[in-house]
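Trainee: Need a 3D model of the sequence below.
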Amino acid sequence: MTVDQSHGAGPCEQVDDGITRVFQLLGKRWTGPIVAVLMAHPAHFADLRRAIPGISERMLSDRLTELGAAGLVVREVDEGPPLRVTYGLTATGAALEPAISELREWAREHLPESAESCTE
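Mentor: Just a heads-up that it's a prediction; the model follows:
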């Protein structure tokens, strides 16, 4: 790793408020994958859980509630029978698509595929 020596080390600028707010929400574990799955289309709770290996029902429920409160996800209930709940992105949530796509491409280019790759 190299550091650009043309700029002397100096005081850091305070982090931008927008960056702080976005990472407080999207930086939580599981939030990014949930939004990424919903980019394609709305999904039922059970389908979301299957699409995100390792997430518990409780964590998925908590993150969906947070995303709903932030205005990124909408919850729609079909009274059935059977009762079915579908989650989809709001226009605000869908507006994250370019950023999520860029992060996906960056990860493909710069991050190892697994933890095992880091030790090899």
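
Trainee: CA only for contacts and neighbour counts going forward, please
Mentor: OK.

Trainee: any idea how far the residue positioned nearest the centre of the chain is from residue 11?
Mentor: Nearest residue to the geometric centre of the chain (C-alpha atoms, centre = their mean): residue 32, 1.1 Å. Distance, residue 32 to residue 11, by C-alpha to C-alpha, to the nearest Å: 31 Å.

Trainee: Which stretches in the chain count as helices?
Mentor: Applying DSSP state H to the chain gives helices spanning 17-26, 31-40, 45-51, 57-69, 91-94, 97-110, 115-119.

Trainee: want to throw these into JSON lines with mean pLDDT?
Mentor: Output for these, formatted as JSON lines (pLDDT from 0 to 100):
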{"stretch": "helix 17-26", "mean pLDDT": "91"}
{"stretch": "helix 31-40", "mean pLDDT": "96"}
{"stretch": "helix 45-51", "mean pLDDT": "96"}
{"stretch": "helix 57-69", "mean pLDDT": "97"}
{"stretch": "helix 91-94", "mean pLDDT": "97"}
{"stretch": "helix 97-110", "mean pLDDT": "94"}
{"stretch": "helix 115-119", "mean pLDDT": "45"}
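
Trainee: For residue 77, find the nearest of the ones you listed.
Mentor: When these are compared for distance to residue 77 using C-alpha to C-alpha, the nearest one is helix 45-51, at 10.9 Å.
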